[in-house]
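Fold the following.
(chains A, B, C, D, E and F)
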Protein chains: 4
Amino acid sequence: MHSEIRSANQPKPSFIETARRAQIIDCAVEVIAELGFAQASLAQIAKRAGVSTGVILYYFAGKDDLIREVGVHVFTTGRSSIEPLVQQQLDARSALRTFIEASVAYIAANPKKVLAIMNILRAGRSDGGTLKIDPTVYQPRQIGFRNILEWGQRDGEFRTFSVAVMVETIVEALDAIPSQLAADPSLDLDAYAKELVELFDRATRADTPVQELRVR
Amino acid sequence: MHSEIRSANQPKPSFIETARRAQIIDCAVEVIAELGFAQASLAQIAKRAGVSTGVILYYFAGKDDLIREVGVHVFTTGRSSIEPLVQQQLDARSALRTFIEASVAYIAANPKKVLAIMNILRAGRSDGGTLKIDPTVYQPRQIGFRNILEWGQRDGEFRTFSVAVMVETIVEALDAIPSQLAADPSLDLDAYAKELVELFDRATRADTPVQELRVR
Amino acid sequence: MHSEIRSANQPKPSFIETARRAQIIDCAVEVIAELGFAQASLAQIAKRAGVSTGVILYYFAGKDDLIREVGVHVFTTGRSSIEPLVQQQLDARSALRTFIEASVAYIAANPKKVLAIMNILRAGRSDGGTLKIDPTVYQPRQIGFRNILEWGQRDGEFRTFSVAVMVETIVEALDAIPSQLAADPSLDLDAYAKELVELFDRATRADTPVQELRVR
Amino acid sequence: MHSEIRSANQPKPSFIETARRAQIIDCAVEVIAELGFAQASLAQIAKRAGVSTGVILYYFAGKDDLIREVGVHVFTTGRSSIEPLVQQQLDARSALRTFIEASVAYIAANPKKVLAIMNILRAGRSDGGTLKIDPTVYQPRQIGFRNILEWGQRDGEFRTFSVAVMVETIVEALDAIPSQLAADPSLDLDAYAKELVELFDRATRADTPVQELRVR
DNA sequence: TATGAATGAGTATTCATTCAT
DNA sequence: CATGAATGAATACTCATTCAT
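Presented below is the predicted three-dimensional model:
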C-alpha cells in the first residue's frame, strides 16, 4: 500500500487515498514552512492534519517518502504554472524574462509551498547522505533555464558567458525570495521581479544591439 | 570556563584551552560540512575530535554556543581576508569586483568552513525561533555590498536599481558556490569568479560610458 | 495524549490508557517511596513497570507532569477518605481528633503513597524554583486544620494560640510518620494516633472546663 | 589526605587545611540552603568558594563525605550552643522549655545552616540507600529530648505519654521552622518559640497541679 | 482504513570523579 | 596544594517506526 508497492500492483488509487495523500502533503508543507524542516516531525504534521501519525505512515513509506512527495508536488505544480507561459515566448530574451516573472508570481501565489521546499532543500542531506529531494524533481528548472540561455547564445541575443554559472545565479536569486517574503510579508514581489528581470537581462544580453527591454 | 563567563573574569585562556577550542571548532566545521547540520550531533563532533562529548561541553556552554562560535570564527577570518583588499579600491566598480573575487578566493581556500556556515545558516531557526548565528556576525557582509552599491550609484558608476535586491542576488550567488564545490571539487573557481564579476558588472554599471571592464 | 491536551479535547481516555497511567503512577509511587525522590529516575520507574521509558513520556507530558499527577492522586484519595469523616463532627474538638485519626489511618492504609509524597515535597524545589507539587493540591489539608482550629477558638473549645504555628506543628507531626513507619514497619499506628490526639487535644483545649476527652 | 586516611596517620591538620575545610563547608551550607540539595553540585559549591572542584575532592573523600561533614559541623555547633543552657535547668519542665527556646534561637542565629541541614536530611537517601548524614550526628538531639521527657515523667512533672511520639513531634515542629523562615524572613521567631513552648508544656505536663508556666 | 500503543535509538546536558601537571 | 582537563555514566526527552487491533 505504500507508494513503492503501490506503483507496482495498484494502478488505481482510491478517491479517499488521493485525498488523504493530498491533505497530508498540504499539512506537511504548512508545518515545514512555519516551523522549519528540523521542527517538522511526523507528530507535528499529523497533529496539523488531525490524524494519527500512523496514517501518514500508512500512505507514505516513511518520512523520507513524504518529504520526497512534497517536493514532487510543489515542483510539479510550479512547473505546470510556469512552463506554458515560457513556451509561448518566441525569443530567448522574452523567455528568460517570462521564466523569472512566472517564477516570482508562483512564489507570490504559493509562498508556503515554496518556502517549505526551500527549507527542505537547504536542510542538507538525509542520514545516508542522499538528498532529501531527488534531483530529477528539481533539475528540470535548471534545465529550463539552461535551454533558454543556450538558445539565446545560439541566436546571438545573449553574450558569451558560462551557462552553468548564470543558471545557478538566477536560480539562487529566485530561491532567496521565499525566506525574505516570510521575514517581510509586505515585500513587493512585482517590483522584485522587475529588478531581477532587468538585472539578468543586462547580465545576459549581447553588447551591440543596445535595444531596450520593453516593459510589459 | 565557558565563553561567556570567560570573557568577564579570565583574561588569559590557557594554551591547551585555545588549542582544544580551535580543534573542536575545526571538527565541528568538518562534520557540519560533510554530514549537514542536522546530522552534526555533539557525539559526531566529539568522535571526529577523538574526545568524549563531555569535553565539548567543558569548553563550550552548549551546542548553541559551539555553533555560534563556529559562525564567529568563519565570518571573522573571512572578513579579515576580504575587507582589506576591498578597502584599497578607489572606485565602486573595482570594489565590487574585488569583493566578489576575494569572496570566491576565500571559499576556494576554505571550502569546508564556508560550506559548514551555509549548512548552519540554511538549516533554519532554532527551537526558540532564534537564529543559530547572530545577524551581527553575518550581516556585515551584506552591509559591505550595500555600501559599495550605494557608493557606485552616488558616483554615477552604477545605474539605478534596488540595492536590496542586488545585494541579495550577489550574496546568494556567492553562497551557492560551496555546495557546488562540494559536489564537484574540480570546479574552476577562478573562472567562476570571473563569470560572476562580469555578470554583476554588467548588471550594475551605468549605461552611457560603455567602458570595458579591464581584465586583471 | 498528554494530560493537558487531553482535558481539552479528548473527554474519554481509553481503558488501556487509564490503566497504564494508573500503573505508572503506582510504580512511580513505589520507586519514590523506596529509593527516594532523587533516585527516582524515569528509567527506574519504567523498569519497575516493565516498560520502556518512552511509555511514560507517551502518557505523561514529562517527568514533572508525572510527579504532579502522583501528588494529585495521593492527595485526592487521601482527602476523600478523610474529609467526609471530619465533616460529620459537630464540635471542633471532635473534628480535630477525627482529622488526626483519619490521617493516621490513611497513612496506615497507604504507607507507600504517603511516603512517596513526603519524599517529593521534602525534596525541595525544581530547577526553575517552582514547587514539584502545586500548593493547591496539598494546601487544602492545612486549610482544613486551620478552619477547625479557628472554629474551636470561636466556640471557646480551644484556648488562644497561634493557629499558624499549631497547624504547622500538627501537619509536621503527621508527616513525620511515613518515614518512621518505613524504618520500622511494626510501628503501632493506632497507638501513635491516640498519642497525637491526646497531645494536640491538650495543646489546644481551653483551660476551664477540664472536661475529659472521651475515648472512643 | 582525605579525611578517613587523615584520622589514621596525620594527627595535626595544618592551618591551611582547617581553613579550607571550614571555607568549603560554609560554601556548601550556603549553596544547599539557597539552591536546595538537588541543585547543590560540587561545581556550584566550588564556584561559590572561588576554587576548582578538585580542591573540594582534595579535602573531602567525595561529595558524600563533604555532606556528612556539613552535618557534623552544623549539629556540633548547634549542640554546643544549646546543651549548656539546657543543662543548667533544675527541672524537666524548664529544661524542655529551654531546649525549645534555644533551638529556635539557634535557627534564628543560623538560618542558612539549619536550612541546609533540613534540605540534606529531607532529600532522602544516597544511592546505596544509606542516609546522607549519620544518625549518630543528629540523634543526640532526640536523645536529649528523650532524657528530659523521661526525667519529667519520673519526677511527676509530666503526664504519661509515649516519649517516642512526643520527641518526634517536638523535633519535627522545630525542623519545620527553617523552611518557613526561608519563605518568610519576617517570621517572628520569638513568638514562634513562645507558642511552641506553651504548646508542648500543655502537651506534656501532669494534670493535677495546674501550676502556671512562668513567663521569663 | 485508521488508531493508539509501544519501542529503541539518538539527542543535549549534568555531574562526581580521576589524574597529570 | 591546587588546577584544569577529561571521562563516563546517568539524566530527561524526541522521534520515526512497528504492530496489534
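
if you take the average position of chain A, which residue is closest to it?
A:Phe75 (4.6 Å; CA atoms, centre = their mean).

residues in contact with it?
Contact partners of A:Phe75, counting by CB atoms under 8 Å, 6 or more residues apart in numbering or on different chains, are A:117, A:137-138, A:140-141. For every residue, glycine as well, the C-beta is placed using N, CA and C.

can you list those residues in a markdown table and add neighbour count, pLDDT and distance to A:Ala49?
Shown next, in a markdown table, are the contacts of A:Phe75 (neighbours: other CB atoms under 10 Å in any protein chain shown; pLDDT from 0 to 100; distance: CB to CB, whole Å):
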| residue | neighbour count | pLDDT | distance to A:Ala49 |
| --- | --- | --- | --- |
| A:Ile117 | 26 | 96 | 19 |
| A:Val137 | 19 | 94 | 23 |
| A:Tyr138 | 21 | 93 | 25 |
| A:Pro140 | 15 | 96 | 29 |
| A:Arg141 | 21 | 97 | 28 |
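
Let me know the closest of these to DNA strand F.
Among the contacts of A:Phe75, A:Ile117 lies closest to DNA strand F (CB to the nearest atom of the strand), at 17.6 Å.

Work out for me the element that closest one sits within.
Using DSSP states H and E, A:Ile117 maps to helix A:111-122.

Is A:Phe37 located within a strand, as I assumed?
No. If the criterion is DSSP: H, G, I helix; E, B strand; the rest coil, then A:Phe37 is coil and not within a strand.

so how many other residues sit close to it?
By the criterion of other CB atoms under 10 Å in any protein chain shown, A:Phe37 has 22 neighbours.

give me every residue that touches it.
A:119-120, A:122-123, B:38, B:123-124.

Apply 7 Å and report the result again.
Counting by CB atoms under 7 Å, 6 or more residues apart in numbering or on different chains, A:Phe37 touches A:119-120, A:123, B:124.

Could you dump those into TSV and include distance to C:Ser162?
Below are the contacts of A:Phe37 laid out as TSV (distance: CB to CB, whole Å):
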residue	distance to C:Ser162
A:Asn119	63
A:Ile120	67
A:Ala123	64
B:Gly124	59
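
Least confident of the residues you listed?
Confidence by pLDDT is poorest for B:Gly124 among these, given 79.

Tell me where chain A is predicted with low confidence.
Applying pLDDT under 70 to chain A flags residues A:1-11, A:209-216.

From C:Thr18, how far off is the residue in chain A that DNA strand E sits nearest to?
Per CB to the nearest atom of the strand, A:Gly54 is where chain A lies closest to DNA strand E, at 2.6 Å. Going from A:Gly54 to C:Thr18 by CB to CB, to the nearest Å gives 21 Å.

can you tell me which helix or strand the residue nearest to the centre of chain A belongs to?
Per DSSP H and E: A:Phe75 is located in helix A:63-87.

quick check, that helix touching DNA strand F?
Yes. On the criterion CB under 7 Å from any atom of the strand, helix A:63-87 is in touch with DNA strand F at A:63-64.

Just confirm yes or no for that helix near DNA strand E.
No. Helix A:63-87 stays clear of DNA strand E (CB under 7 Å from any atom of the strand), getting no nearer than 12.0 Å.

State the next helix or strand along the chain beyond that helix.
helix A:92-109.

buried residues in that next one?
Buried residues in helix A:92-109, counted by 16 or more other CB atoms under 10 Å in any protein chain shown: A:92-108.

and that helix with helix A:63-87, angle?
If you take axes from the mean of the first three to the mean of the last three CA atoms, to 10 degrees, helix A:92-109 sits at 130 degrees to helix A:63-87.

list the helices and strands helix A:92-109 packs on?
Helix A:92-109 sits against helix A:63-87, helix A:135-155, helix A:177-183, helix A:189-204, with contacts defined as 3 or more CB pairs under 7 Å, 6 or more residues apart in numbering or on different chains; DSSP states H and E.

what residue of chain A is the furthest out?
Centroid-distance maximum for chain A: A:Thr208 at 34.6 Å, with CA atoms, centre = their mean.

how far away is it from chain B?
Going from A:Thr208 to chain B by CB to the nearest CB, to the nearest Å gives 10 Å.

Then A:Ser41?
Counting by CB to the nearest CB, the gap from A:Ser41 to chain B is 12 Å.

what does A:Arg21 give?
Separation of A:Arg21 from chain B (CB to the nearest CB): 25 Å.

That residue: helix or strand, and which one exactly?
Here A:Arg21 sits within helix A:15-35, counting by DSSP H and E.

Enumerate the positions of stretch A:33-47 that are buried.
Across stretch A:33-47, burial judged by 16+ other CB under 10 Å covers A:33-40, A:42, A:44-46.

Tell me the secondary structure at the residue in chain A positioned nearest to chain B.
Using CB to the nearest CB, the single residue of chain A nearest to chain B is A:Gly124, 2.8 Å away. Here A:Gly124 is coil, with the state taken from three-state DSSP.

what about it, neighbour count?
The number of residues packed near A:Gly124 is 25, by other CB under 10 Å.

how about the nearest residue to it, chain neighbours excluded?
Closest residue in space to A:Gly124, ignoring its immediate chain neighbours: B:Gly36 at 2.8 Å, by CB to CB, 6 or more residues apart in numbering or on different chains.

My guess is the one you found contacts A:Arg125. True?
Yes. Between B:Gly36 and A:Arg125 there is a contact under CB atoms under 7 Å: 4.9 Å.

Count the residues that sit near A:Asp26.
The number of residues packed near A:Asp26 is 17, by other CB under 10 Å.

again with A:Met166
Other residues within reach of A:Met166, judged by other CB under 10 Å, total 24.

show me the contacts for it.
Going by CB under 7 Å, 6+ apart, A:Met166 touches A:149, A:204, B:199.

Verify the stated contact: A:Ala40 with A:Ala33.
No. Using CB under 7 Å, A:Ala40 makes no contact with A:Ala33, being 9.0 Å away.

quick one on the thing from earlier: my read: the residue of chain A closest to chain B touches B:Ala33, true?
No. Counting by CB under 7 Å, A:Gly124 does not reach B:Ala33; the two are 10.0 Å apart.

what touches both of those two?
Shared contacts of A:Gly124 and B:Ala33, defined by CB under 7 Å, 6+ apart, are found at B:Asn119.

what residues does chain A put near DNA strand E?
Counting by CB under 7 Å from any atom of the strand, chain A comes close to DNA strand E at A:14, A:16-17, A:20, A:51-55, A:58-59.

residue contacts, A:Pro178?
Contacts for A:Pro178 (CB under 7 Å, 6+ apart) come out as A:107, A:111, A:114-115, A:118.

Show me which of those are buried.
Buried subset of the contacts of A:Pro178 (neighbour count, 16+ other CB under 10 Å): A:107, A:111, A:114-115, A:118.

C:Arg154: which of those is nearest?
For the buried ones among the contacts of A:Pro178, the residue nearest C:Arg154 by CB to CB is A:Leu115; the value is 68.5 Å.

Can you give me the distance of the residue of chain A closest to chain B to A:Met118?
Per CB to CB, A:Gly124 is found 13 Å from A:Met118.

nearest spatial neighbour of whatever residue of chain A ends up closest to chain D, skipping sequence neighbours?
Relative to chain D, the nearest point of chain A is A:Gln39 (30.0 Å; CB to the nearest CB). Nearest residue to A:Gln39, sequence neighbours excluded (CB to CB, 6+ apart): B:Asp127, at 7.0 Å.

picking up where we left off before, could you tell me which of the residues of chain A next to DNA strand E count as buried?
A:20, A:51, A:53, A:55, A:59.

Just flag the most distant two among these.
Maximum pairwise distance among those (CB to CB): 13.5 Å, between A:Arg20 and A:Thr53.

and chain A, which residues reach DNA strand F?
Within reach of DNA strand F by CB under 7 Å from any atom of the strand, chain A has these residues: A:39-43, A:53-54, A:57, A:62-64.
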